[in-house]
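Novice: Show me the folded form of this:
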Amino acid sequence: MKKNIAIIMGGYTSEFEISLTSGNVIYQSLDTSKYNAYKIHIFKDKWVYVNDTNEEFPIDKNDFSVTIDGKKILFDCVFNAIHGAPGEDGQLQGYFKLLSLPQTSCDMYQAAVTYNKRDCLSILKPYGIQTAESYYLNLGDTINEDAIIEKVGLPCFVKANKAGSSFGVTKAYKKEDLKASIDIAFKEDDEIIIESFLDGIEVSVGVITYKGETKVLPITEIVSENDFFDYKAKYLGQSQEITPARLTSEQEEKVNTLAKKVYEVLKMKGYSRSEFIFKDNEPHLLEINTVPGMTEASILPQQAAVAGISLSELFESAIEEALR
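Specialist: Down below sits the predicted model:
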């Protein structure tokens, strides 16, 4: 009997358009002989099932069901394609846990921790995971540019603490740049992280649970045409994404071991994509994405393809792991 799969997409952040694209790729790729796929749009003002003619049917939040032509449909599994809140920060993971409804991403605690860059890096440092020097600010704090520069140096990166797709990220070269960069970050989040600039090879490493085992995918090297791997580089083709990365065997082994260690220390499941920069030949962790992009341009699907895993196999494995 075919399983009913709810593909949730959209969300409450600036990433909603990317999420809709990811969700549609998943919808088009699932094997229709095994699954009945339903596109579920989740926004602050509405949760709706959207059919192929763009008709909308409200979701009953009491049991996450939808009624179509008088027939109530319940789901066997939720495929999470929401980048950012509420799909990547633990909110929906907790909701589905309460409903005993399997879902494809990590659990609530892991989602909340990894979505908070500051908390995540703080947890991992005692395990020997190297990171950039950092300085934290909350909205309303006194901004001391000299103290920031003394801690992280220049240039530095100013980032929204809880945001993805490089929204709210700028690179500050001079003391005079800091105020504007901080203002941009605070438009995305009320917490920010300011990090030292690491000058080295940037790589992205996908680690997933695939057919019951933790699997490290081929590494992607990021070569941005811009000043850093910003939104335009990620989504508008202004970067080279080279898979497999041009690393020495020693570098490859180091970052593979580290990415797998991060996944296992945090007790992750589902998909993850970790970003690293090599400094003095050692990989330094930047951040972890637990609902990475699934568009045709996204890195994790590229890595899976190099590993010989098709999109339908990648998505089916996530569903079967959740149902397991």
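
Novice: only C-alpha atoms for contact and neighbour calcs from this point on.
Specialist: OK.

Novice: all helices of the stretch 51-200 of the chain, in order?
Specialist: Assigned by DSSP state H, counting those that start in this stretch, the helices in the stretch 51-200 of the chain fall at 91-98, 108-115, 117-124, 145-152, 178-186.

Novice: nearest to residue 213, of those helices?
Specialist: helix 108-115 (18.3 Å; C-alpha to C-alpha).

Novice: gap between the closest one and the chain center?
Specialist: With C-alpha atoms, centre = their mean, to the nearest Å as the basis, helix 108-115 stands 11 Å off its chain's centre.

Novice: With adjacent residues omitted, what lies nearest to residue 258?
Specialist: In space, and not counting its chain neighbours, residue 258 is closest to residue 129: 7.5 Å by C-alpha to C-alpha, 6 or more residues apart in numbering.

Novice: number of nearby residues for that neighbour?
Specialist: A count of nearby residues for residue 129, using other C-alpha atoms under 10 Å, gives 17.

Novice: cool, residue 153 as well?
Specialist: Counted by other C-alpha under 10 Å, the residues lying close to residue 153 total 19.

Novice: got the contact list for it?
Specialist: Contact analysis of residue 153 by C-alpha atoms under 8 Å, 6 or more residues apart in numbering lists 196, 197.

Novice: one step back: now the residue nearest to residue 258: phi and psi?
Specialist: When read as degrees, to the nearest 10, the backbone of residue 129 gives phi -80, psi 120.

Novice: Contacts for stretch 140-149 next, please.
Specialist: 135, 137, 175, 178, 194.

Novice: I'd like the distance between the third one and residue 68.
Specialist: Taking C-alpha to C-alpha, to the nearest Å as the measure, residue 175 falls 58 Å from residue 68.

Novice: looking only at pLDDT, what's the mean for stretch 13-31?
Specialist: Mean pLDDT, stretch 13-31: 95.

Novice: Now it: buried residues?
Specialist: Buried residues in stretch 13-31, counted by 16 or more other C-alpha atoms under 10 Å: 13-16, 18-27, 29-30.

Novice: Among the contacts of stretch 140-149, which one sits closest to residue 106?
Specialist: Within those, distances to residue 106 taken as C-alpha to C-alpha reach their minimum at residue 194, with 26.8 Å.

Novice: Quick check: the closest one touching residue 154?
Specialist: No. Residue 194 is beyond contact range of residue 154, at 10.7 Å (criterion: C-alpha atoms under 8 Å).

Novice: Pick out whichever of those two has more residues nearby.
Specialist: residue 194 (30 against 17).

Novice: Give me the longest helix you can find in the protein.
Specialist: For the chain, the helix with the greatest residue count under DSSP state H is helix 249-265.

Novice: returning to that earlier point: just to be sure, which of the buried residues of stretch 13-31 are found in helices?
Specialist: 16, 18, 19, 20, 21, 22, 23, 24, 25, 26, 27, 29.

Novice: my guess is the first one contacts residue 82, does it?
Specialist: Yes. Residue 16 sits in contact with residue 82 when judged by C-alpha under 8 Å, with a separation of 7.4 Å.

Novice: so what pLDDT did residue 165 get?
Specialist: pLDDT at residue 165 comes out at 50.

Novice: Just name the closest of the buried residues of stretch 13-31 to residue 317, please.
Specialist: Each of these was scored against residue 317 by C-alpha to C-alpha, and residue 30 proved nearest at 10.7 Å.

Novice: Return the backbone torsion pair for that closest one.
Specialist: Dihedral angles (degrees, to the nearest 10) for residue 30: phi -70, psi 140.

Novice: Check the one 10 residues further on too.
Specialist: When quoted as degrees, to the nearest 10, the phi and psi of residue 40 stand at phi -110, psi 120.

Novice: before we move on, what about the one 10 residues further on?
Specialist: For residue 50, the backbone dihedrals (degrees, to the nearest 10) come out as phi -120, psi 120.

Novice: Run through the residues that contact it.
Specialist: When contacts are counted by C-alpha under 8 Å, 6+ apart, residue 50 touches 38, 39, 40, 41, 56, 57.

Novice: between these, which has the most around it?
Specialist: Highest count within the contacts of residue 50 by other C-alpha under 10 Å belongs to residue 40, 28 neighbours.

Novice: Quick check: beta-bridge partners of it?
Specialist: residue 8, residue 49 (DSSP bridges).

Novice: picking that back up, ok, of the buried residues of stretch 13-31, which one's closest to residue 158?
Specialist: residue 14 (17.5 Å).

Novice: wait, doesn't the closest one sit right on residue 167?
Specialist: Yes. Using C-alpha under 8 Å, residue 14 is in contact with residue 167, at 7.4 Å.

Novice: Touching, residue 256 and residue 216? I think so.
Specialist: Yes. The pair residue 256 / residue 216 is scored as a contact, 6.7 Å apart, by C-alpha under 8 Å.

Novice: joint contacts of those two?
Specialist: Common neighbours of residue 256 and residue 216 (C-alpha under 8 Å, 6+ apart) are residue 205.

Novice: any chance of the contacts of residue 50 in a markdown table, plus distance to residue 301 and pLDDT?
Specialist: Converted to a markdown table, the contacts of residue 50 look like this (distance: C-alpha to C-alpha, whole Å; pLDDT from 0 to 100):
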| residue | distance to residue 301 | pLDDT |
| --- | --- | --- |
| 38 | 21 | 98 |
| 39 | 20 | 98 |
| 40 | 22 | 98 |
| 41 | 22 | 98 |
| 56 | 29 | 98 |
| 57 | 30 | 98 |
